[in-house]
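1. curious how this folds, go ahead:
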Amino acid sequence: MRTPLVMTLGMVLAPCGLLLNLTGTLAPGWRLVKGFLDQPVDVVLYQGLWDMCREQSSRERECGQPDQWGYFAAEPVLVARALMVTSLAATALGLLLATLGVRCWRDEPHFALAGLSGVVLFAAGLLSLIPVSWYNHFLEDRNVLPAPPSPVKVEVSYSLVLGYLGSCLLLLGGFSLALSFAPWCEERCRRCRKASLAHPRRSSISTVHVDWPEPELTPAIKYYSRGQHRPRPAELRDPSKPKVGFPMPRPPPKAYTNPVDVLDGEEKADSQGPSSRSTQPCHSSLPCDSDL
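-> The predicted structure is shown next:
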């Protein structure tokens, strides 16, 4: 397996950030002081975290200059010392974890360890960016960072620029390596899904299943299921068992019946002739067929 791009980018940017931060921490070039009234015009003073150097015409350089204004006792300088050293140690630890996690000589890298190294390197970048920014904020404040009074000028020097660049490279490299957590998280989620499918979750105690009775169906639907006729319950009854109960009286039929023989007079009228048919009275109160 080829080394992922995010790991390669992190392994390139993190050592560069470590080199820049190490140079900026040790070099006496955080602030440049120039324009002394009692010294030549080309004399400048470089102030760092651990030392001061006097330089003239870029040829003569003398370090170990005495601190006449209490510069090394200033709070930004003390905090920058502690945080920069902590950042360097965290960077070294992050690179060690990244070396063990990337494993360019193996088939597959250790994604979790590489991601952890990215988090450590990102924290190291923050630890170096905080003191550099704080120092730059109080660069011209002579009450916080002591310096000779005006017309002496104070300016940003090269070590502060190196600190900014090193911090940014560490942040980018750490973020790039931290993206190695994505394949690891994806693999963990896949395993969790497989485990959940293999062992289905039991229903909670609070879950209640209610079996509601089926509604009563009409006979046309009740005895016809899945395309087949089903016998009625009366047809499924065992004929050998005696019937229990008593017969219910059936209601009279709703069809109309005439209790009187309406054709009785018609037969007599036919025997006497057609002339007597109209005068023959009807014995029923109901209309006769001849009247209809």
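2. against R2, how distant is C168?
-> Relative to R2, C168 is positioned 27 Å away (CB to CB, to the nearest Å). Backbone N, C-alpha and C define where each C-beta goes, glycine included.
3. and these two? Which one has more around it.
-> The neighbour comparison of C168 against R2 (other CB atoms under 10 Å) goes to C168, with 16 against 7.
4. for the strand or helix carrying the more buried one, list the C-alpha coordinates in PDB.
-> Here C168 sits within helix 158-178, counting by DSSP states H and E. Presented in PDB, the C-alpha positions along helix 158-178 are these (Å, rounded to 0.1, in the frame of the first residue of the first chain):
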ATOM      1  CA  TYR A 158      14.400  37.400  11.900                       C
ATOM      2  CA  SER A 159      13.800  35.000  14.800                       C
ATOM      3  CA  LEU A 160      10.300  36.300  15.200                       C
ATOM      4  CA  VAL A 161       9.600  35.600  11.500                       C
ATOM      5  CA  LEU A 162      11.100  32.100  11.800                       C
ATOM      6  CA  GLY A 163       8.800  31.500  14.800                       C
ATOM      7  CA  TYR A 164       5.800  32.400  12.800                       C
ATOM      8  CA  LEU A 165       6.700  30.300   9.800                       C
ATOM      9  CA  GLY A 166       7.600  27.300  12.000                       C
ATOM     10  CA  SER A 167       4.300  27.500  13.900                       C
ATOM     11  CA  CYS A 168       2.300  27.600  10.700                       C
ATOM     12  CA  LEU A 169       4.200  24.600   9.200                       C
ATOM     13  CA  LEU A 170       3.600  22.600  12.400                       C
ATOM     14  CA  LEU A 171      -0.100  23.500  12.300                       C
ATOM     15  CA  LEU A 172      -0.500  22.400   8.700                       C
ATOM     16  CA  GLY A 173       1.600  19.300   9.200                       C
ATOM     17  CA  GLY A 174      -0.300  18.300  12.300                       C
ATOM     18  CA  PHE A 175      -3.600  18.800  10.700                       C
ATOM     19  CA  SER A 176      -2.600  16.800   7.700                       C
ATOM     20  CA  LEU A 177      -1.500  13.900   9.800                       C
ATOM     21  CA  ALA A 178      -4.600  14.100  12.000                       C
END
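5. elements contacting it?
-> For helix 158-178, the packing partners by 3 or more CB pairs under 8 Å, 6 or more residues apart in numbering; DSSP states H and E come out as helix 5-26, helix 75-102, helix 111-137.
6. out of those helices, deepest packed?
-> Comparing those by mean neighbour count (mean count of other CB atoms under 10 Å), helix 111-137 ranks first with a mean of 22.
7. mind listing what's buried in stretch 23-43?
-> G24, T25, A27, P28, G29, W30, R31, L32, V33, K34, F36, V43 (16 or more other CB atoms under 10 Å).
8. let me see the contact set for the fifth one.
-> Read that as G29. Y46, G48, S157, Y158, S159, L160 (CB atoms under 8 Å, 6 or more residues apart in numbering).
9. quick one, what contacts the fourth one?
-> Listed by CB under 8 Å, 6+ apart, the contact set of Y158 reads A27, G29.
10. equivalent analysis for the last one, please.
-> For L160, the contacting residues are G24, G29, W30, R31, V132, Y135, N136, L139, taking CB under 8 Å, 6+ apart as the criterion.
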